[in-house]
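Colleague: The sequence isn't on hand, but the structure is:
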């Protein structure tokens with residue numbers, strides 16, 4: 001009998017006397033509490049999933065990414081969206097150039113990176129979608145529902161941009177680009193092919209040329225107009241690309257309720273876009289992970305090729321010089337810091353549920369801390385690369401029109417892509433080829449984002465109703481895609497652009513900031529930031545570097561930053577409009593309702609949860625704030641890593657196994673200190689390294705406790721699980737009873753004989 005308990009004693013006393021193990025208060029999470037007394041066998045639980053036992057780390061029920069490359073490409077495709085295409089280039093050009101990087105990077109580190117880390121870790125830890133992940137605190141399940149609601153709105157109008165790109169792509173194969181010339185059915189009398197002569201008129205009037213061809217003259221040059229108002233002179237000429245976009249593609253009307261007719265060519269393009277999303281998602285996440293090898297990589301290749309092509313054009317170098325030219329004075333302007341904060345928040349597409357969904361398909365021990373830096377850096381590089389392409393194109397156009405770079409004003413929004421770039425590309429040799437390349441890139445970029453927005457909606461629904469819907473993923477996908485396409489048909493009408501601007505202005509802005517604030521408050525102040533960091537350690541086997549810094553960022557800096565961003569957005573609020581059309585009051589009421597939907601949904605869901613809960617007021621409050629019973633890793637093998645000694649069979653096996661009972665237990669292979677560094681008792685060594693033993697690994701990963709999703713479903717079942725001590729006591733009692741009975745029979749026989 002060795003000094004370390006080598007005989008297999010499982011007590012906690014370091015002497016050679018076999019003591020009765022005392023009952024200690026539970027230190028385990030909800031799904032492992034009271035297991036000994038209230039264990040429910042798996043056969044008695046209505047468990048809707050397939051078999052998940054085994055020692056591997058693949059989630060055979062829900063699926064995993066085929067490799068980390070699949071995951072990275074999916075995330076890159078999801079985050080490369082409108083924020084990179086037209087918001088970031090516009091912000092760069094109007095907020096100081098290179099100097100804009102300083103507020104952008106600071107707010108990225110303080111606000112955007114922590115919320116990115118939080119969402120990726122949450123999804124990976126529980127392997128569920130953006131609604132079910134809020135099992136962490138059921139009272140706030142409305143946050144997840146808000147994410148899905150906003151994703152639905154974004155999905156409806158996002159694919160319309162894909163249909164525009166497809167419309168341009170199909171028309172690029174014509175002998176000549178239809179937006180390059182006037183004289184078409186959709187052109188007006190003001191249509192002017194902009195050249196040096198037309199631009200000279202605006203230049204001589206000391207005006208600035210917008211990307212849609214409109215000349216803007218500061219009113220101080222005019223005697224009869226207020227000196228603070230810019231004056232637009234469309235009569236100076238409108239580029240054919242502008243008229244093509246408005247009159248042929250959009251068939252634009254006078255306002256939100258002037259629907260007129262449907263552009264059926266656009267409706268067919270929308271159908272093609274939704275069919276592509278449906279086919280790419282039809283067989284689940286593994287198929288989507290392979291599709292992105294083409295759809296996510298090809299846009300970067302086209303972007304690089306087009307950048308090289310524009311570099312060969314005259315004026316592009318001058319444009320790039322303006323790209324790298326800093327204006328340090330803008331750092332004193334709080335507006336620039338506010339716009340940088342807003343942009344960096346939108347750029348990574350956080351708080352819409354997509355990132356939670358994407359990370360939920362990771363394997364449990366994927367290094368999420370490494371991922372956040374890779375994703376953030378690639379997103380920033382993508383934005384800068386797209387901006388450099390824009391400035392090279394602007395330099396080329398300014399050279400062609402013989403105007404100074406400062407006299408060319410950038411515009412945010414769809415005009416940047418569908419007016420300016422279409423006009424610039426039309427001036428290239430073999431313009432049809434470059435136009436096809438460019439709009440194929442735009443279609444693929446939006447397709448990637450749309451693909452995973454829809455997948456997040458479908459996964460959320462299936463995860464909420466797994467018994468009926470998880471095996472019917474395709475039916476749910478078919479239903480969602482059909483509904484979204486039908487809701488997108490009105491956007492193909494003459495009023496469609498106004499509704500798109502309205503939804504984009506209100507759905508993809510304030511609601512996401514509100515969700516981010518709620519998310520931080522619930523995880524850090526309700527669930528507990530220390531518990532969350534413990535979960536991260538469970539995933540990656542170590543606490544993230546600068547442990548205290550992450551706590552401060554999540555608990556204090558992020559909520560305050562989100563409130564500051566929200567205040568800035570509200571203070572800078574301007575009524576939504578498109579060109580010269582200002583939206584009516586009722587439209588703004590609709591927009592404000594959408595913007596406040598996270599607050600409305602979260603409050604109503606919390607009230608519903610509280611009313612439908614049972615028990616006293618205090619009990620309802622406690623149960624709704626604490627994690628649900630099945631909060632935790634999806635696979636038994638990962639739950640067993642943290643709580644192996646809850647299983648008496650595993651406890652006995654681990655405490656008597658040679659590896660843990662040997663004074664020299666191969667510590668060099670496990671930790672690297674000296675051979676005998678570690679706890680003195682085998683039972684304590686077994687707590688930390690249970691899965692080093694193949695027998696224990698198999699036992700733990702297949703045991704009912706860790707394979708049951710409702711591991712404390714005590715109220716529904718009356719079965720109980722006897723601990724080893726109880727079984728031994730009962731066995732001794734039976735033996736003693738048997739002995740006493742035998743003695744009684746023997747005494748009775750003796751008395752009879754006598």
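Modeller: It's in. Quick caveat, the model's predicted, so the values are computed rather than measured. Numbers count the residues shown, from 1 in each chain.
Colleague: Look up how far residue 424 lies from residue 403.
Modeller: For residue 403, the distance to residue 424 (C-beta to C-beta, to the nearest Å) stands at 14 Å. For the C-beta atoms, the positions are set from N, CA and C on the backbone; glycine is no exception.
Colleague: which one of the two has more residues nearby?
Modeller: residue 424 (23 against 19; other C-beta atoms under 10 Å).
Colleague: What mean pLDDT does the helix or strand containing that one get?
Modeller: Secondary structure from DSSP states H and E places residue 424 in helix 422-426. Taken as a whole, helix 422-426 has an average pLDDT of 90.
Colleague: same thing with stretch 615-633?
Modeller: If you average the pLDDT values across stretch 615-633, you get 88.
Colleague: again with stretch 491-507
Modeller: Mean pLDDT, computed over stretch 491-507, is 93.
Colleague: quick check, distance from that stretch to the centre of its chain.
Modeller: Distance, stretch centre to chain centre, for stretch 491-507: 24 Å (C-alpha atoms, centre = their mean, to the nearest Å).
Colleague: Name the SS class of residue 418, please.
Modeller: Under DSSP: H, G, I helix; E, B strand; the rest coil, residue 418 falls in the helix class.
Colleague: Work out for me the element the nearest residue to residue 453 once chain neighbours are set aside sits within.
Modeller: On the basis of C-beta to C-beta, 6 or more residues apart in numbering, the spatially nearest residue to residue 453 that is not a chain neighbour turns out to be residue 155, at 4.7 Å. With the criterion set as DSSP H and E, the secondary-structure element containing residue 155 is helix 141-171.
Colleague: counting contacts, what elements does that helix pack onto?
Modeller: In terms of contacts (3 or more C-beta pairs under 8 Å, 6 or more residues apart in numbering; DSSP states H and E), helix 141-171 is packed against helix 264-281, helix 431-464, helix 473-488, helix 496-507, helix 510-521, helix 597-612.
Colleague: As a markdown table, the ones you listed with mean neighbour count and distance to residue 177 would be great.
Modeller: Output for these, formatted as a markdown table (neighbours: other C-beta atoms under 10 Å; distance: least, C-beta to C-beta, whole Å):
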| stretch | mean neighbour count | distance to residue 177 |
| --- | --- | --- |
| helix 264-281 | 19 | 17 |
| helix 431-464 | 23 | 5 |
| helix 473-488 | 17 | 27 |
| helix 496-507 | 22 | 21 |
| helix 510-521 | 24 | 37 |
| helix 597-612 | 16 | 41 |
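Colleague: Which among these is found nearest to residue 343?
Modeller: Within the helices and strands packed on helix 141-171, the stretch nearest residue 343 is helix 510-521; the backing value is 12.3 Å (C-beta to C-beta).
Colleague: contacting residues around residue 90?
Modeller: For residue 90, the contacting residues are 410-412, 416, taking C-beta atoms under 8 Å, 6 or more residues apart in numbering as the criterion.
Colleague: Report the buried residues of stretch 367-386.
Modeller: Neighbour counts over stretch 367-386 (16 or more other C-beta atoms under 10 Å) mark 368-369, 371-372, 375-376, 378-380, 382-384, 386 as buried.
Colleague: okay but residue 503 is in contact with residue 156, surely?
Modeller: Yes. In this structure, residue 503 is within contact of residue 156 by C-beta atoms under 8 Å, at 7.4 Å.
Colleague: Common neighbours of these two, please.
Modeller: When contacts are counted by C-beta under 8 Å, 6+ apart, the set common to residue 503 and residue 156 is empty.
Colleague: on that earlier part again, looking at the helices and strands packed on helix 141-171, which is nearest to residue 584?
Modeller: If we rank these by C-beta to C-beta, the stretch that ends up nearest is helix 496-507, at 10.4 Å.
Colleague: what's next to the closest one, contact-wise?
Modeller: For helix 496-507, the external contacting residues (C-beta under 8 Å, 6+ apart) are 82, 150, 153-154, 156-157, 160-161, 250, 252, 255-256, 413-414, 490-491, 576-578, 581, 583, 587, 590-592, 594-595.
Colleague: What is the helix holding residue 424 packed up against?
Modeller: Contacts defined by 3+ C-beta pairs under 8 Å, 6+ apart place helix 422-426 against helix 240-243, helix 368-401, helix 431-464.
Colleague: Output the helices and strands packed on helix 141-171 as JSON lines; include the columns distance to residue 88.
Modeller: Converted to JSON lines, these look like this (distance: least, C-beta to C-beta, whole Å):
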{"stretch": "helix 264-281", "distance to residue 88": "24"}
{"stretch": "helix 431-464", "distance to residue 88": "13"}
{"stretch": "helix 473-488", "distance to residue 88": "26"}
{"stretch": "helix 496-507", "distance to residue 88": "16"}
{"stretch": "helix 510-521", "distance to residue 88": "16"}
{"stretch": "helix 597-612", "distance to residue 88": "25"}
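Colleague: closest one to residue 348 among these?
Modeller: For the helices and strands packed on helix 141-171, the distance to residue 348 is smallest for helix 510-521, at 10.5 Å, taking C-beta to C-beta.
Colleague: roughly how far is the closest one from the heart of the chain?
Modeller: For helix 510-521, the distance between its averaged C-alpha position and the chain's averaged C-alpha position is 13 Å (C-alpha atoms, centre = their mean).
Colleague: going on from it, what's the next piece of helix or strand?
Modeller: Following helix 510-521 in sequence, per DSSP H and E, is helix 529-540.
Colleague: list the helices and strands that next one packs on?
Modeller: Helix 529-540 sits against helix 113-126, helix 368-401, helix 547-552, helix 636-642, with contacts defined as 3+ C-beta pairs under 8 Å, 6+ apart.
Colleague: Can you lay out those helices as CSV showing mean pLDDT and distance to residue 438?
Modeller: Supplementary listing: those in CSV, determined by pLDDT from 0 to 100; distance: least, C-beta to C-beta, whole Å:
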stretch, mean pLDDT, distance to residue 438
helix 113-126, 95, 29
helix 368-401, 92, 10
helix 547-552, 93, 41
helix 636-642, 75, 46
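Colleague: So which of the ones you listed is nearest residue 476?
Modeller: In this view, the helices and strands packed on helix 529-540 are compared for proximity to residue 476 by C-beta to C-beta, and helix 113-126 is the closest at 19.1 Å.
Colleague: what angle do the closest one and helix 510-521 make?
Modeller: 70 degrees (axes from the mean of the first three to the mean of the last three C-alpha atoms, to 10 degrees).
Colleague: what is the orientation angle of helix 113-126 with helix 368-401?
Modeller: Direction vectors for helix 113-126 and helix 368-401, defined by the same axes, to 10 degrees, enclose an angle of 130 degrees.
Colleague: so what does helix 113-126 touch, helix or strand wise?
Modeller: Contact partners of helix 113-126 among helices and strands, from 3+ C-beta pairs under 8 Å, 6+ apart: helix 354-360, helix 368-401, helix 510-521, helix 529-540.
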